[in-house]
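> give me a model of this one.
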Amino acid sequence: MRTKWRQWAVRSVLVGVGATASMDLGGEIVRRTTGVPPLNYGLLGRWIGHMPSGRFAHESILTAPPVRRELELGTVAHYSIGISFAGLLLASRPGWADRPTLGPAMAVGVGSTIAPWLLMQPAFGMGIAGSKTPNPTVGRFRSLRAHAIYGLGLYLSGQAVTRLSRLG
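Here you go, the predicted model:
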């Protein structure tokens, strides 16, 4: 039993880091081709950094006081969340790790858009699914695009980890 749990945990980390890195790479490609900046994980860190003092929601995260090492905190949180969603995929589809397919990976990737739309954006002062932003439709598309890239990254990372595990 411990071996299966350990194998699940290691695969969750490897697939989650790979998928999250894919999301970041996709954001960088979008920045270079369109000029649209990638997600600012410093704001995620700022949000988390205010939690110990009991502040979970902000009028505007942009005007909230910065917290020490917010970019590092946000980046660690971003990768931890990516690993968690990979773990959810692996736990909910036990055979997926041996034969990764695109459908479940994309479902988890696109489905994970619910987290920023219903939790983070309202807590940042942006409203549900960015409804209080100047152009909510554009923001929603960008969130879906980023999370679809994450879903593709889940699939590609799952394929890579499965192939590597067969070698060793």
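> and Arg145, how far from Pro65?
Using Cβ to Cβ, to the nearest Å, Arg145 is found at 31 Å from Pro65. C-beta coordinates here come from the backbone N, C-alpha and C atoms, glycine included.
> more neighbours, the two?
Of the pair Arg145 and Pro65, Arg145 is the one with more neighbours under other Cβ atoms under 10 Å, namely 17 against 8.
> what segments of the protein are helices?
2-34, 41-50, 70-92, 102-111, 114-115, 121-123, 136-167 (DSSP state H).
> give the contact list for the nearest residue to Leu118 once chain neighbours are set aside.
Nearest non-adjacent residue to Leu118, counting by Cβ to Cβ, 6 or more residues apart in numbering: Ile128, 6.3 Å away. Contacts for Ile128 (Cβ atoms under 8 Å, 6 or more residues apart in numbering) come out as Trp117, Leu118, Gln121, Pro122.
> again, but for Leu119
No contacts exist for Leu119 under Cβ under 8 Å, 6+ apart.
> grab the most central residue of the chain for me.
Gly82 (4.4 Å; Cα atoms, centre = their mean).
> any idea how far it is from Thr75?
Distance, Gly82 to Thr75, using Cβ to Cβ: 11 Å.
> need the pLDDT of the residue nearest to the centre of the chain.
Looking at Gly82, its pLDDT is 98.
> quick one, what contacts it?
Per Cβ under 8 Å, 6+ apart, neighbours of Gly82: Gly16, Val17, Ala19, Thr20, Met23, Tyr150.
> how near is the spatially closest residue to Ser60 that is not a sequence neighbour to Pro52?
Nearest residue to Ser60, sequence neighbours excluded (Cβ to Cβ, 6+ apart): Gly125, at 4.3 Å. The gap separating Gly125 from Pro52 is 19 Å, by Cβ to Cβ.
> kindly report the same for Arg68.
Arg68 is 12 Å from Pro52, by Cβ to Cβ.
> repeat for Met23
Counting by Cβ to Cβ - Met23 and Pro52 are separated by 27 Å.
> more crowded one of the two?
Set Met23 next to Pro52 and count neighbours by other Cβ under 10 Å: Met23 wins out with 27 against 8.
> quick one: contacts for the closest residue to that one other than its chain neighbours?
Using Cβ to Cβ, 6+ apart and skipping the chain neighbours, the partner closest in space to Met23 is Tyr150 (4.2 Å). Neighbour list for Tyr150: Ala19, Thr20, Ser22, Met23, Gly82, Phe85, Gly109, Ser112 [criterion: Cβ under 8 Å, 6+ apart].
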